[in-house]
Every structure is written in structure tokens, then in C-alpha cells.
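*Asks:* Any chance you can model this:
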Amino acid sequence: MPATRERRNRANAACACDTSVRKAVGVDPEIKVANRHRLRRIEGQIRGLQKMVEDDRYCPDIIMQIASVQEALRGVARNLMRNHLHHCAAKALRSGKKQESQAMYDELLELIYAHLR
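*Replies:* Residues are numbered from 1 along each chain as shown. Here you go, the predicted model:
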């Protein structure tokens, strides 16, 4: 098993996530509702983008719409990160178990680096 997957599995175990299906346990209902609404709007924006491309719309207009979708997706990612920090990460870091804490630090760094790209 690659080291990254092993760290992720330890971090999942630390936050009481089901490691076999990687399903979150502590999901804030308000964040979930907000994300679902935001994703529905993004879905509509994507359909709009498809229509813009089909209609040969002006390239800068399409690019601006793409930037809007990307920012909306970043908003969903921020909500998910907030939830993960509040539930899973806090639990793992408070556990006092060095291996679980280190795995969570590693996972958080990977998430931050990926989100910054």
C-alpha cells in the first residue's frame, strides 16, 4: 500500500470515517445543504457554458464564466475543508496518539497544497 494511502487510512480511522468506503461521519447539516445548493447552481453554470460553446460565443465571455465556476467550486471546497477541520481533524489532533495526529497533519498539508494550485 503506498505511503499516502496508508496515512489517509490512519487519518480516516482517527476521525471515525469508514475507511472501506471513505464516507464522512461528522457532516454539519447546514454545510451539506449549502453545498448541495451551490453544486446545483454550478451544474446550471456548466450547462450554460456548454450552450455558450455550442453557440460560438465570444471566447473571453466563456473564459469569464469558467472563472466564475472555478470560484464557486472553491467555495464548496472551503466549506468541506471547514467541516473536515471541525470534525475529523480536531478529533484526530486531540486524540493524543502521535501516529493519528501525524497522519492528519500530512492529510491536511496535502489538501492545502492541492487547494492552492
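
*Asks:* from here on, contacts and neighbour counts on C-alpha atoms
*Replies:* Fine.

*Asks:* Okay, now the unreliable bits of this structure?
*Replies:* Counting by pLDDT under 70, the chain shows low-confidence ranges at 1-21, 25.

*Asks:* Any idea which residue is closest to the centre of it?
*Replies:* Computing the C-alpha centroid of the chain and ranking residues by C-alpha atoms, centre = their mean puts Ala77 first, at 4.0 Å.

*Asks:* just checking, that residue is part of a helix?
*Replies:* Yes - the secondary structure assignment for Ala77 places it in a helix, going by DSSP: H, G, I helix; E, B strand; the rest coil.

*Asks:* Distance of Arg74 relative to Arg117?
*Replies:* 11 Å (C-alpha to C-alpha, to the nearest Å).

*Asks:* I should have written Gly48 there, sorry.
*Replies:* For Gly48, the distance to Arg117 under the criterion C-alpha to C-alpha works out to 25 Å.

*Asks:* re the thing from before, compare Arg74 and Arg117 and say which is more crowded by neighbours.
*Replies:* Set side by side, Arg74 and Arg117 show more neighbours around Arg74, with 14 against 5, by other C-alpha atoms under 10 Å.

*Asks:* Helix or strand: which one has that one?
*Replies:* helix 59-84 (DSSP states H and E).

*Asks:* doesn't Leu93 make contact with Glu100?
*Replies:* Yes - using C-alpha atoms under 8 Å, Glu100 and Leu93 qualify as a contacting pair, with a distance of 7.3 Å.

*Asks:* Looking at these two, which has the bigger crowd around it?
*Replies:* A direct count of neighbours by other C-alpha under 10 Å for Glu100 and Leu93 places Glu100 higher, at 25 against 21.

*Asks:* what's the spacing between the more buried one and His86?
*Replies:* Remark: distance between Glu100 and His86 (C-alpha to C-alpha) = 16 Å.

*Asks:* ok, Gln50 to Gly96 distance?
*Replies:* From Gln50 across to Gly96, the span is 50 Å (C-alpha to C-alpha).
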